[in-house]
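Enquirer: Sequence and predicted model, in that order:
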Amino acid sequence: MGRALIWFRGKDLRVTDHAPLAAALDAGGDLICLFVLDPHFFAPARARGLPHRVQFLLESLRSLEANLTRLGSKLFIVPGRSVEVVPRLATLWKADRVLASRWSEPVGVARDLRIAGALGRQGVPFELHEGETLAPPGTVRTGDGRLHAVFTPFARAFEQRVLVETPLPAPKRLPPPPTDLARVETVPAPSLESLGLRRNPEVLEGGERAARARLKRFVDEALGGYSISRDRLDQDGTSRLSQDLKFGTLSIRTVWNAVRGHGEAARRFRGELLWREFAYHWLRERPDLLEKPFRSEFEAFPWSRDEALFAAWKEGRTGYPAVDAAARQLRETGFVHNRARMIAASFLAKHLALDFRMGEAHYLAWLTDGDWAINDLGWQWSAGCGCDAQPWFRVFNPILQGQKFDPDGAYVKRFVPELASLDARWIHEPWKAGRRLDYPAPIVDHAAARARFLQLAKAHLKAPA
Ligand SMILES: Cc1cc2nc3c(=O)[nH]c(=O)nc-3n(C[C@H](O)[C@H](O)[C@H](O)COP(=O)(O)OP(=O)(O)OC[C@H]3O[C@@H](n4cnc5c(N)ncnc54)[C@H](O)[C@@H]3O)c2cc1C
C-alpha cells in the first residue's frame, strides 16, 4: 500500500469527478491532500491585480477544505513556491506518487515540467490526469495530423470521435491523513482582507455547492430558451458557469452531461463548450498565442497604444452606451455578457485601433472567469487576427448591436445610470436625444473610425511590415 500526495491546484477545486483523487482512492493506501499558496498568484501585490478571480478562488478553496474535512480527510495549505514545496513535501511526507490535474497554459506546463524533473530525481512519479477539457488538448486532429483551424470541422470531428464519459461520483469517505507526517508550516486559507482586497458582493459565490446550484438552475430554467436568449444583453439567458469551469468547481464533463436529452438547446449550448475546447486545443499547440497573433500577417500590425483612448474604454467613457456598459459591468461585477465582450473588444481593436493585447490583459485582470486560453481566443477573434476569427473587415456597429440585443436599453441603464431616464429610442445613440446629459459625446465617429481601421488594415495586409 502506497502513499499518494494529491496536489489540488486552482483549476480543480472540487471532490466530484476529480480524476487524481479517484485514482488514488482506487489504489488504496494513504492519501494526503495539498494546496500550495504560491506567491505567483497569492503574493498580495499580485492578488490585488486579480481581485475577482482571487475572491472566487479563495471561497472555492475554503469550500474544498470543508468538503475534504467532511469526507474524513484534511487539506494541507502550505505557503511557498510550488516548484520547491511539492518535491520537498513529497520527500518529507514519504509520498511514493504525486497526482494532479493537467494544466494547458504555458505557465502551468513550465511549472509541471520542473516539478516532474525534481520528483523524478527523487524517484517519485508525477501523474498528471486529464479533466481540464473534454478531450486531451491536441487529440482532435485532421486526417493529416494538423489541428483544425476552423471551428465547425473541429466540432464535427469532436462529435464523431470523442466519447465523453460519465463523471466520476464524489467519494463517500476518504481515509484520514497519515499520523506520522513530519510537521511543516501550514496556514489557513487567506482572507481577502489579508491580501488587501475587499469582497465584491456582485461576484458569484465560489465552491462546489454553489456551482451545482447554478448548473441546476440553468438546466431547469434557462436551457430551453438558450438558443435565443443567449445573445440578449438584457436577459439572464446563459449558464453563468464560466468561473466554475475556470476554477474547476464543476468539471467540464459534468456540465456536458447535465444537458443530455435537451435536444436543440443542448446542442447549441454544447457548441459553446466546444469553443472552449477549441481554445484549449490551440493554446496547447501554440503557447506563443498568448504573445502573438494567430495569423502571422498581423504581426507588426500598426496598433496604437494611446493611453487616453484606452483609459476612456476601460472606464466606460467612450460615449457608446453598449461599450461603456460592458466596461462598467466588468469592473463592478467581474463578468461581462458574451455579446458585450464581442462589442467592447471589437470597438477597442477596430474603432480605436488599440493593440488588442491591452484589452486582453485588462479582461484577464478583472474577469472572474479570466482564462488565458479562452480570453486570448476571444480577443484575437474580435481583432480579426485569430484562429477562425471574425474577418478583419467586419466591424461591429455598437449602435446596431445595442439596438438588436438590448432593445429597451435595460442592460445599458443598469450599468450606465446617467442614461437611466433616457427614452429607449435614443438609448444607444444618446447624442440624438437633443438633451443635455451627464454622459460623454462619442470619442470617435463610428463611420469615420470604421473607414480608418479598414484603410489601416488594408495597407498593412497588402504589405505586412
Ligand atoms: C473578448 C472575449 C473575451 C473572453 N474571455 C473569456 C474568459 O476569459 N473566460 C471565459 O470563460 N470565457 C471568455 N469568453 C467567452 C465567453 O464570453 C464567456 O465564456 C461567457 O460569456 C461566459 O458566460 P456563461 O458561462 O454564462 O456562458 P454560456 O453561454 O452559458 O456558455 C457556457 C460555457 O461555454 C464556454 N463558452 C461560451 N462562449 C464561449 C466562447 N465564445 N469561447 C469559448 N468558450 C465559450 C464557457 O466555458 C461558458 O461558461 C470571452 C469572449 C470574448 C469575446
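Expert: Received it, and whenever you're ready, just let me know what you need.

Enquirer: Let me see the contact set for D112.
Expert: Residues in contact with D112 (C-beta atoms under 8 Å, 6 or more residues apart in numbering) are 100, 102-103, 126, 128. C-beta here means a position set from N, CA and C on the backbone, and glycine is covered the same way.

Enquirer: 7 Å instead, please
Expert: Listed by C-beta atoms under 7 Å, 6 or more residues apart in numbering, the contact partners of D112 are 103, 128.

Enquirer: and what of the one 4 residues further on?
Expert: Contacts were defined as C-beta under 7 Å, 6+ apart; by that measure A116 touches F126.

Enquirer: And A258, by the same measure?
Expert: Applying C-beta under 7 Å, 6+ apart, the residues near A258 are 215, 219.

Enquirer: Distance check, it against A19.
Expert: To A19, A258 is 18 Å away according to C-beta to C-beta, to the nearest Å.

Enquirer: which residue sits closest to the closest residue to the ligand within the stretch 351-465 of the chain, ignoring its sequence neighbours?
Expert: Nearest to the ligand, among the residues of the stretch 351-465 of the chain, is G378, at 2.5 Å (C-beta to the nearest ligand atom). With C-beta to C-beta, 6 or more residues apart in numbering as the criterion, G378 has its nearest non-adjacent residue at 6.1 Å, and that residue is R341.

Enquirer: near the ligand at all, stretch 4-14?
Expert: No. Figure legend: stretch 4-14 not in contact with the ligand (C-beta under 6 Å from any ligand atom); closest approach 12.0 Å.

Enquirer: Any chance you could list what contacts that stretch?
Expert: By C-beta under 7 Å, 6+ apart, stretch 4-14 touches 18, 20-21, 24, 27, 29-35, 41, 57, 60-61, 64, 86, 89-90, 93, 95, 97-101, 103, 131-132, 208, 247-251.

Enquirer: what is the rounded mean pLDDT of it?
Expert: Computed over stretch 4-14, the mean pLDDT rounds to 98.

Enquirer: next one: stretch 210-225
Expert: Stretch 210-225 comes out at a mean pLDDT of 97.

Enquirer: how about the helices in the stretch 151-300 of the chain?
Expert: Along the stretch 151-300 of the chain, counting by DSSP state H, counting those that start in this stretch, helices occupy 151-161, 208-217, 226-229, 242-247, 252-258, 263-285.

Enquirer: now the fourth one, how far from the centre of its chain.
Expert: Centroid displacement of helix 242-247 relative to its chain, using C-alpha atoms, centre = their mean, to the nearest Å, is 6 Å.

Enquirer: now swap in the first one and tell me
Expert: When distances are taken as C-alpha atoms, centre = their mean, helix 151-161 is centred 22 Å away from the chain's centroid.

Enquirer: So which elements touch that helix?
Expert: Applying 3 or more C-beta pairs under 7 Å, 6 or more residues apart in numbering; DSSP states H and E, one finds that helix 151-161 contacts helix 263-285.

Enquirer: What is the distance between the helix it packs on and the centre of its chain?
Expert: 13 Å.

Enquirer: That helix vs the ligand: in contact?
Expert: Yes. Using C-beta under 6 Å from any ligand atom, helix 263-285 reaches the ligand at 272-273, 275-276, 279.

Enquirer: highest average neighbour count across the helices of the stretch 151-300 of the chain?
Expert: Highest mean neighbour count of the helices of the stretch 151-300 of the chain: helix 242-247, a mean of 25 (counted as mean count of other C-beta atoms under 10 Å).

Enquirer: After the lengthiest strand in the chain, which helix or strand is next? Please name it.
Expert: Among the segments of the chain that qualify as a strand by DSSP state E, the longest is strand 30-37. Under the assignment DSSP states H and E, the closest C-terminal helix or strand after strand 30-37 is helix 39-42.

Enquirer: Report the distance from that next one to the chain centre.
Expert: Offset of helix 39-42 from its chain centre (C-alpha atoms, centre = their mean): 18 Å.

Enquirer: Report the mean confidence score over that helix.
Expert: Averaged across helix 39-42, the pLDDT comes to 92.

Enquirer: Which positions within that helix qualify as buried?
Expert: 41-42 (16 or more other C-beta atoms under 10 Å).

Enquirer: Show me what the helix or strand that it is followed by is packed against.
Expert: Per DSSP H and E, helix 39-42 leads on to helix 44-48 as the next helix or strand towards the C-terminus. On a contact count with 3+ C-beta pairs under 7 Å, 6+ apart, helix 44-48 meets no helix or strand.

Enquirer: If we use 10 Å, what do you get?
Expert: Helix 44-48 makes packing contacts with helix 39-42, helix 51-70 when contacts are defined by 3 or more C-beta pairs under 10 Å, 6 or more residues apart in numbering; DSSP states H and E.

Enquirer: and of those, who's closest to the ligand?
Expert: helix 51-70 (9.8 Å).

Enquirer: So which bits of that closest one are buried?
Expert: Applying a neighbour-count criterion of 16+ other C-beta under 10 Å, the buried positions in helix 51-70 are 51-65, 67-68.

Enquirer: what do you get for stretch 133-140?
Expert: For stretch 133-140, burial by neighbour count (16+ other C-beta under 10 Å) applies to 133-137, 140.

Enquirer: How about stretch 378-391?
Expert: 378-390.

Enquirer: Endpoints of that stretch, how far apart?
Expert: With C-alpha to C-alpha, to the nearest Å as the measure, stretch 378-391 spans 13 Å from end to end.

Enquirer: go on, stretch 431-450?
Expert: Stretch 431-450 stretches 19 Å from its first residue to its last (C-alpha to C-alpha).

Enquirer: And the contacts of it?
Expert: Residues from elsewhere that reach stretch 431-450 (C-beta atoms under 10 Å, 6 or more residues apart in numbering): 308-309, 312-313, 316-321, 323-324, 347, 350-353, 393, 395-400, 416-419, 421-423, 425-427, 429-430, 451-453.

Enquirer: Work out the gap between it and the centre of the chain.
Expert: Offset of stretch 431-450 from its chain centre (C-alpha atoms, centre = their mean): 33 Å.

Enquirer: Then stretch 128-142?
Expert: Mean-position distance between stretch 128-142 and its chain equals 17 Å (C-alpha atoms, centre = their mean).

Enquirer: Could I get the CA-only coordinates of that stretch as PDB?
Expert: Taking C-alpha atoms only, stretch 128-142 is exported to PDB below (Å, rounded to 0.1, in the frame of the first residue of the first chain):
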ATOM      1  CA  LEU A 128      -1.000  14.300 -14.400                       C
ATOM      2  CA  HIS A 129      -4.600  13.500 -15.000                       C
ATOM      3  CA  GLU A 130      -6.900  14.900 -17.700                       C
ATOM      4  CA  GLY A 131     -10.100  16.700 -16.800                       C
ATOM      5  CA  GLU A 132      -9.400  20.300 -17.800                       C
ATOM      6  CA  THR A 133     -11.100  19.700 -21.100                       C
ATOM      7  CA  LEU A 134     -13.400  17.100 -22.600                       C
ATOM      8  CA  ALA A 135     -10.700  15.500 -24.700                       C
ATOM      9  CA  PRO A 136      -7.000  16.000 -24.000                       C
ATOM     10  CA  PRO A 137      -5.900  19.100 -25.900                       C
ATOM     11  CA  GLY A 138      -4.300  18.300 -29.200                       C
ATOM     12  CA  THR A 139      -6.000  14.900 -29.700                       C
ATOM     13  CA  VAL A 140      -8.700  16.000 -32.200                       C
ATOM     14  CA  ARG A 141      -6.900  16.500 -35.500                       C
ATOM     15  CA  THR A 142      -7.400  16.500 -39.200                       C
END
